[in-house]
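Enquirer: Have a look at this fold, sequence not included:
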């Protein structure tokens, strides 16, 4: 009996060194991330290929402010949420904090058309990550606002019945009124920008220098729908400013703004986009 107990103890002692490392190894083994899980917080977040600064420049250069939104004075910051997949492509793009239907759609278009991302990593493996990016829409000074009426400002006193309600005056003394219907391109906004792209002649110097972006042009839609007084308010140089002015001056007529059925002049600021 004693001999049996000694043999059992010896076997138990010899087995302990084998079992102990296996137990320690089991404790140190970290659980793997779920393959389809979408993470909000990770050890190494996803970043745009080329860096955050280059991504911000892409958003600024490719943003196309919707004309109808400019006319309404719609502005604000649209927060877009999407998923960066393990391959670096993005999916599930939505306006998580919407501002205006047209601005929301433009923000989503920007994100969908952007560069790939370097995927997130968590616990040593690539994972899917949910990311939110704010897209700001700021109306340049004078963009889409009411234009001065041609009549001089009236003297203080009671306004005649049916007279336009003034919202201010210009330095020249002309009254500024808000139209019932803002000016708009004949055929719609999409047709106008299609015409701009179709008739655009990319300047050779800008092409050689690989310059692209937006030239903001201010102009006035006259009572007959013609576009006049065009000037650049946000230049790019290398011939792009001159080409933007040429396009606006040669553009088709618009439907003028109206107040109580009468046409009015209206000032507008629009981007002319140049993209190689």
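Expert: Now that the structure is in, tell me what you want to look at. It should be emphasised that the depicted structure is a prediction, and the values quoted were computed from it without experimental measurement. Residues are numbered from 1 along each chain as shown.
Enquirer: other SSEs contacting the strand or helix carrying residue 216?
Expert: In this assignment (DSSP states H and E), residue 216 forms part of strand 213-221. Under the contact criterion of 3 or more Cβ pairs under 8 Å, 6 or more residues apart in numbering; DSSP states H and E, strand 213-221 touches helix 52-62, strand 227-234, helix 240-250, strand 266-274. C-beta here means a position set from N, CA and C on the backbone, and glycine is covered the same way.
Enquirer: try 10 Å
Expert: Here strand 213-221 touches helix 52-62, strand 227-234, helix 240-250, strand 254-255, strand 266-274, going by 3 or more Cβ pairs under 10 Å, 6 or more residues apart in numbering; DSSP states H and E.
Enquirer: mind checking how far that strand is from the chain centre?
Expert: Strand 213-221 has its C-alpha centroid displaced from the chain centroid by 18 Å (Cα atoms, centre = their mean, to the nearest Å).
Enquirer: tell me the contacts of residue 108?
Expert: 78, 80, 82, 93, 94, 95, 98, 135 (Cβ atoms under 10 Å, 6 or more residues apart in numbering).
Enquirer: Now do the SS call for it.
Expert: Classification of residue 108 using DSSP: H, G, I helix; E, B strand; the rest coil returns helix.
Enquirer: Show me the shaky parts of the stretch 101-250 of the chain.
Expert: Scanning the stretch 101-250 of the chain for pLDDT under 70 picks out 139-179.
Enquirer: Okay, helices next: where are they in it?
Expert: Along the stretch 101-250 of the chain, counting by DSSP state H, counting those that start in this stretch, helices occupy 101-112, 189-199, 204-208, 240-250.
Enquirer: Give the buried residues for the third one.
Expert: It stands for helix 204-208. By 16 or more other Cβ atoms under 10 Å, the buried positions in helix 204-208 come out as residue 206.
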